[in-house]
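Undergrad: Below is the structure, and that's it, no one-letter string:
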């Protein structure tokens, strides 16, 4: 099983995804600042993995707090939450995980005045968030797997696999694994996903490890392979799903959704319920992170574009809900109209 | 003026486009085999530039032929035409240029039995093809420039600029230059165009040289910038245009056309009339070149994907005629239905 991020006695252990697929190296992060920096630098990425990592970072920070009272700890903890929340603005799972840790602190505080006990409860909560993520994706994979017919080829964008979550199944690739584990033969076409190449580096790598047949294409080939009849379904992950079903996900997802519609191919979004943000009415309100231009002008040390060129680098785009055939969550499958179906899933 | 390819006393001088934008290096090709290899290896690329280069390669080969009779020369020449024709199957300009050189040989043979004179006529014909290409693109740029409103932002894919032709104006960028030279303010958004990155390396470079404002994006951002209202028109080049208007162009062009349609943005194809293949009824009949997988798995020496991964690398796709608002040629602008309008342009 791929372990994206893990709690250890020494600190938070994280697979450095920037080095994949040529190098499999783990970092040991020994402070909450190191965890925050790792999230920002995309050592770890993928909305659920960011949430789990942030929770572990906060648990680590809390356990290292020198405060001798619960009030001192709370003061430190609030500051850590702010640092953590400033790492990646689009992924709602980040804020969801921070909120869950804050809740845990509130509950702990109500039950104990012993600062050590409160710290232990925070560490336990982070580990619970990790375990819940694994379970949620297994559940999501089962629900989603039912939507994929035997013999299908699934096109996916970015990496919404084990590497985008706590590990194991993943979200979009959880659906692929769910179908496979239900006995179906499934092949994958992976968009390489510029500029960060999560498809080429991560999706290709983890499917290869898992012996699921995968063919790599550049993002601009998605339309061509659909036109050739090679794609039966599209499954992608999500960084934030608004109350009306509009979905922010890796840049290029919108393009894939438009192409799928033209070719009458069902376009599915797969994400744990923690990715759904009922406080966000539509995609208009989702903040889109703009990243460093060097991600586009260079691949590692290799320069691809002329010096001084102007570059636009939004990390995400928004796919409007009317292009989405279903939203697959760990609580079940939502169908349009999403403003009703998503809300109902929270009551499950 | 950018000189993509040039006839010199020593041989065919060619800008090595593989090294741009970090290095501006010219190769001197001293045999027709070297020219054929340069086309295959994409030292030069772009349908019109391939046509001009092939003509120069054949002129070079003919001038070096040891045949002492016109019949001997013709025998050698036929073989050279076959070698040249096997370099890149999709660009029809290649076959058009070869045919034009064959015609020149036929005419020369009818007027002279002197092998030296026939060789000189072939060299002159190649130079004429070069000059005609420059002129055609100036004309195309004037026609196309009229379609672009003052203050427009034009999105383009791949490089259909000076570097894709004999030099000077280019085709799609010829339209941009035509609009600019008519006094309009025009900005460009350039798709980087994976896997060979002609947009990042070539379009960005030549527009920067020309001081035309350009913003570089990854291919998968095209839909996002259109959705944001940042694009007023799309202009792309072509490698082959079928009689019904279906257009083969760099992989990803189809995706851009589908996105343009969704956003009600006019999608224009710009190409000299020599790119129109009336013998090809529709896009179905256009052969699509499949290139080396290493173009996708590596950027120069940098490995992007795991070892042994399966890769699909079609160099082109076909955009159906119903997604094209107009086809801009040196003979005028064709509008739907193309099966009539394209044929009429040949009579101009």
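TA: Looks like it arrived, so ask away. Values in this document were obtained by computation on a predicted structure and should not be read as measured data. Numbers count the residues shown, from 1 in each chain, chains lettered A, B, ... in the order given.
Undergrad: helices and strands around the helix or strand harbouring residue A:71, which ones?
TA: In the assignment (DSSP states H and E), residue A:71 maps to helix A:70-85. Contact partners of helix A:70-85 among helices and strands, from 3 or more Cβ pairs under 8 Å, 6 or more residues apart in numbering or on different chains; DSSP states H and E: helix A:32-40, helix A:47-64, helix A:92-111, helix A:115-145. Using the backbone N, CA and C atoms, a C-beta is placed for each residue, glycine as well.
Undergrad: tell me the mean pLDDT over the helix or strand that the last one is followed by?
TA: To tie it back to what came earlier, the one meant is helix A:115-145. Using DSSP H and E, the next helix or strand after helix A:115-145 towards the C-terminus is strand A:153-156. Averaged across strand A:153-156, the pLDDT comes to 98.
Undergrad: Strand A:153-156 pairs with which strands, parallel or anti?
TA: Take DSSP bridges as the rule and strand A:153-156 pairs in its sheet with strand A:187-191 (parallel), strand A:233-236 (parallel).
Undergrad: contacting residues around that strand?
TA: A:148, A:172-173, A:175-176, A:186-191, A:199, A:203, A:222, A:225-226, A:230-236, A:256, A:260, A:265 (Cβ atoms under 8 Å, 6 or more residues apart in numbering or on different chains).
Undergrad: How about the next helix or strand after that strand and chain B, touching?
TA: Later in the chain than strand A:153-156, the nearest helix or strand by DSSP H and E is helix A:172-181. No - against chain B, helix A:172-181 shows no contacts by Cβ under 8 Å from any Cβ of the partner chain, the least distance being 15.2 Å.
Undergrad: Tell me what angle helix A:172-181 forms with strand A:187-191.
TA: On the basis of axes from the mean of the first three to the mean of the last three Cα atoms, to 10 degrees, helix A:172-181 is oriented at 170 degrees to strand A:187-191.
Undergrad: which strands and helices sit next to helix A:172-181?
TA: Packed next to helix A:172-181, using 3+ Cβ pairs under 8 Å, 6+ apart, are helix A:115-145, strand A:153-156, helix A:204-209, strand A:233-236, strand A:267-270.
Undergrad: Ok, which of the ones you listed comes nearest residue A:96?
TA: helix A:115-145 (9.4 Å; Cβ to Cβ).
Undergrad: I'd like the mean pLDDT over the closest one, please.
TA: For helix A:115-145, the mean confidence score works out to 97.
Undergrad: Mind giving me the packing neighbours of that helix?
TA: strand A:5-7, helix A:47-64, helix A:70-85, helix A:92-111, helix A:172-181, strand A:267-270, strand A:326-329, strand A:332-334.
Undergrad: Pull the distance from it to the chain's centre.
TA: Relative to its parent chain, helix A:115-145 has a centroid offset of 15 Å by Cα atoms, centre = their mean, to the nearest Å.
Undergrad: pLDDT on stretch A:340-348, on average?
TA: Per-residue scores along stretch A:340-348 average to 95.
Undergrad: contact partners of that stretch?
TA: A:241, A:243, A:245, A:273, A:276, A:278, A:327, A:329, A:331, A:332, A:334, A:335.
Undergrad: Please report which of these has the highest neighbour count.
TA: residue A:241 (32 neighbours; other Cβ atoms under 10 Å in any protein chain shown).
Undergrad: roughly how far apart are the residue lying closest to it once chain neighbours are set aside and chain B?
TA: What sits nearest to residue A:241 in space, not counting adjacent residues and going by Cβ to Cβ, 6 or more residues apart in numbering or on different chains, is residue A:276, at 4.6 Å. Shown here: residue A:276 relative to chain B, a distance of 22 Å by Cβ to the nearest Cβ, to the nearest Å.
Undergrad: Residue A:276 is in contact with residue A:330, isn't it?
TA: No - look at residue A:276 against residue A:330 with Cβ atoms under 8 Å: they stay out of range, at 10.7 Å.
Undergrad: what's the burial count for the residue nearest to residue A:250 when sequence neighbours are not counted?
TA: Once flanking residues are discounted, residue A:250 sits nearest to residue A:158: 3.7 Å by Cβ to Cβ, 6+ apart. Neighbour count for residue A:158, taken as other Cβ under 10 Å: 31.
Undergrad: For residue A:158, give me its contacts.
TA: A:164, A:191, A:193, A:198, A:199, A:203, A:236, A:237, A:249, A:250, A:252, A:253.
Undergrad: how does it look with 7 Å?
TA: Residue A:158 makes contacts with A:193, A:198, A:199, A:236, A:237, A:249, A:250, as judged by Cβ atoms under 7 Å, 6 or more residues apart in numbering or on different chains.
Undergrad: Closest one of these to chain B?
TA: residue A:193 (7.3 Å; Cβ to the nearest Cβ).
Undergrad: So that closest one: helix, strand or coil?
TA: coil (DSSP: H, G, I helix; E, B strand; the rest coil).
Undergrad: ok, and the closest non-adjacent residue to it?
TA: In space, residue A:193 is closest to residue A:199, 3.8 Å off (Cβ to Cβ, 6+ apart).
Undergrad: quick one: the one you found and residue A:192 touch, right?
TA: Yes - the pair residue A:199 / residue A:192 is scored as a contact, 4.6 Å apart, by Cβ atoms under 7 Å.
Undergrad: which residues do these two both contact?
TA: Joint contacts of residue A:199 and residue A:192 (Cβ under 7 Å, 6+ apart) are residue A:216.
Undergrad: Could you pull out the helices in the stretch 201-348 of chain A for me?
TA: For the stretch 201-348 of chain A, the helices defined by DSSP state H, counting those that start in this stretch cover A:204-209, A:222-227, A:253-262, A:294-297, A:338-345.
Undergrad: List the buried residues of the shortest one.
TA: The one in question is helix A:294-297. By neighbour count with 16 or more other Cβ atoms under 10 Å in any protein chain shown, helix A:294-297 contains the buried residues A:295, A:296, A:297.
Undergrad: Now for the closest residue to the last one other than its chain neighbours: which residues touch it?
TA: It stands for residue A:297. Closest residue to residue A:297 apart from its sequence neighbours, by Cβ to Cβ, 6+ apart: residue A:305 at 4.4 Å. Neighbouring residues of residue A:305 by Cβ under 7 Å, 6+ apart: A:297, B:21, B:200, B:201, B:204, B:216.
Undergrad: From residue A:313, how far off is residue A:303?
TA: 16 Å (Cβ to Cβ, to the nearest Å).
Undergrad: of these two, who's got more company?
TA: Between residue A:303 and residue A:313, residue A:313 has the larger neighbour count (other Cβ under 10 Å), namely 20 against 15.
Undergrad: If anything else comes up later, I'll come back, but that's it for now.
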